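Q: Task: produce atomic coordinates for the following.
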Amino acid sequence: MERIYFDNAASTPLDPKVLEVMLPFFTEKFGNPSSIYSYGRETRMAIEQARKSVAQNLGAKPSEIFFTSGGTESSNTILHSAIADLGCQHIISSPIEHHATLHTVEHLAKANGVHLSWVTILPNGHIDLAHLDQLLNSGKGKAIVSIMHANNEIGNKIDLHEVGSLCKKYEAYFHSDTVQTVGHFNFDLKNTPVDFITGAGHKFHGPKGTGLLYINENVKIKPFVHGGAQERNMRAGTENVYGIIGFAKALEIATESYEKDSQYIQGLKKYLHDQLVQHIPGVSFNGDPFGESLYTLLSVNFPKTSKSEMLLFNLDINHICASGGSACSSGAQQGSHVIAALLNANNTKGSDIATVRFSFSKHNTTSEIDKVVSILTTLL
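A: Just a heads-up that it's a prediction; the model follows:
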């Protein structure tokens, strides 16, 4: 039986065109970019061309683009620097952030004695902007706001301009984890009030292990990783040349085909939603699925029964790849903090539902959805 892959929010397959441009840098173009001879100059030039391409596709300047190992390193770099270099005494984040942010801000608050505030989550999964305004006005010192552009579990999306303008009003720094949106939405960073954003190549058919860090030209921070002058003295270590080349090509392809791909994938999401409503009694959905939300993702609640308890396991047996999210926590199995926060905002319990996240790419089809719904109907 052919595998059906509906976990594209976790990782996407590498685009063959991306692999094609990467391959020479595994073989004949192997020079160290820090070397002065031609092999080194060749790879150095390729990196800088990739930087220009990424900057152009994000509406930024090449000098504002830095390549890292992924979104986690990029977010860690910014959050550590906010305290060490920018003098921030107050971190404002949300309880539904990715653990790359959540665990980092908790660690920094404990280690450095800075204030850590959580913005309230509304019942529909969006952040409470009025509460964010209150937190920024709390007088707890220079602040950095770290709120993700779109949530990786439920898909809810913030307005970068709205949140960024609020931060500017209080002269706070604004960092947004854009790992789920870079390569899926168009950006114009020169006209967006954000100081830092992050990205990861494997979320939009690029290679794993390659990330993006955007630092607005008006902000100066020191390196997080020391030991070399790479990335214009911002990140020590020999560059992941083939990863960087692949990242730039994947973003170029994603930007060129954004209109067509986003419309197609949005159609898949709506089709799955409608089929589930038609065939599965009692099904419900998390967040704001057809409002301000990712078009790539649908978070589904199935009524909790003895049959739905092992739903992900049974989907896997049927060669269907999806991911879970449960507010319950028992033994070594840790539930989803995002679903838990959402249920808390709605004053409901998680014991009555089994949550599955389905996330799509341009390679998925409606016939795959039909098979999944058919199997779900049988399983439930």
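
Q: residues near Arg357, how many?
A: Neighbours of Arg357 under the rule other C-beta atoms under 10 Å: 25. For the C-beta atoms, the positions are set from N, CA and C on the backbone; glycine is no exception.

Q: oh, and call the first residue 14 from now on, that's how I've got it
A: Okay, using 14 as the starting number, the last item reads as Arg370.

Q: Identify the bridge partners of it.
A: Arg370 has these beta-bridge partners by DSSP bridges: Ser312, Ser336.

Q: SS state for Ser130?
A: Secondary structure assignment for Ser130 (DSSP: H, G, I helix; E, B strand; the rest coil): strand.

Q: which non-adjacent residue is nearest Thr205?
A: Nearest residue to Thr205 in three dimensions, chain neighbours excluded: Leu173, at 5.4 Å (C-beta to C-beta, 6 or more residues apart in numbering).

Q: My understanding was that the one you found contacts Val207; is that so?
A: Yes. Using C-beta atoms under 8 Å, Leu173 makes contact with Val207 at a distance of 5.5 Å.

Q: Find residues that contact each of those two.
A: Ser189 (C-beta atoms under 8 Å, 6 or more residues apart in numbering).

Q: is it true that Ile388 touches His332?
A: No. The pair Ile388 / His332 is not scored as a contact, 9.3 Å apart, by C-beta under 8 Å.

Q: More neighbours: the two, which one.
A: Using other C-beta under 10 Å as the criterion, Ile388 and His332 rank with Ile388 on top: 17 against 13.

Q: Give the other helices and strands that the helix or strand that one falls within contacts.
A: Assigned by DSSP states H and E, Ile388 falls within helix 379-392. With contacts taken as 3 or more C-beta pairs under 8 Å, 6 or more residues apart in numbering; DSSP states H and E, helix 379-392 sits against strand 17-18, helix 271-292, helix 324-330.

Q: Low-confidence ranges, the protein, go.
A: Applying pLDDT under 70 to the chain flags the ranges 338-347, 363.

Q: And the helices in it, which stretches?
A: Taking DSSP state H, the helices of the chain run over residues 29-35, 51-71, 84-97, 112-125, 142-149, 173-182, 243-246, 254-269, 271-292, 324-330, 350-358, 379-392.

Q: and Gly224, which of those is closest to it?
A: Nearest to Gly224, of all the helices of the chain, is helix 84-97, at 5.1 Å by C-beta to C-beta.

Q: what residues does the closest one touch?
A: 79, 81, 101, 104, 111, 113-114, 117-118, 121, 125, 127, 157, 159, 186, 188, 190, 192, 209, 211-213, 224-226, 228, 234-235, 237-238, 248.

Q: hmm, which of those residues are the buried ones?
A: Buried by 16 or more other C-beta atoms under 10 Å: 79, 81, 101, 104, 111, 113-114, 117-118, 121, 127, 157, 159, 186, 188, 190, 192, 209, 211-213, 224-226, 228, 234, 237-238, 248, out of the contacts of helix 84-97.

Q: Next step: the residues you listed restricted to strands.
A: Among the buried ones among the contacts of helix 84-97, the members falling in strands (DSSP state E) are 79, 81, 104, 157, 159, 186, 188, 190, 209, 211-213, 224-226, 228.

Q: can you tell me which of these lies nearest to Asn327?
A: Nearest member of these to Asn327, counting by C-beta to C-beta, is Ala213, at 29.8 Å.

Q: quick one: Ser306 and Phe298 touch, right?
A: No. Between Ser306 and Phe298 there is no contact under C-beta under 8 Å: 10.0 Å.

Q: which of those two has more neighbours?
A: Using other C-beta under 10 Å as the criterion, Ser306 and Phe298 rank with Ser306 on top: 23 against 17.

Q: got the contact list for the more buried one?
A: Applying C-beta under 8 Å, 6+ apart to Ser306 gives the contacts 163, 167-170, 300.

Q: Could you dump the residues you listed into JSON lines with distance to Ala358 and neighbour count added?
A: Output for the contacts of Ser306, formatted as JSON lines (distance: C-beta to C-beta, whole Å; neighbours: other C-beta atoms under 10 Å):
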{"residue": "Ala163", "distance to Ala358": "18", "neighbour count": "24"}
{"residue": "Ile167", "distance to Ala358": "11", "neighbour count": "27"}
{"residue": "Gly168", "distance to Ala358": "16", "neighbour count": "28"}
{"residue": "Asn169", "distance to Ala358": "11", "neighbour count": "28"}
{"residue": "Lys170", "distance to Ala358": "17", "neighbour count": "21"}
{"residue": "Gly300", "distance to Ala358": "11", "neighbour count": "24"}
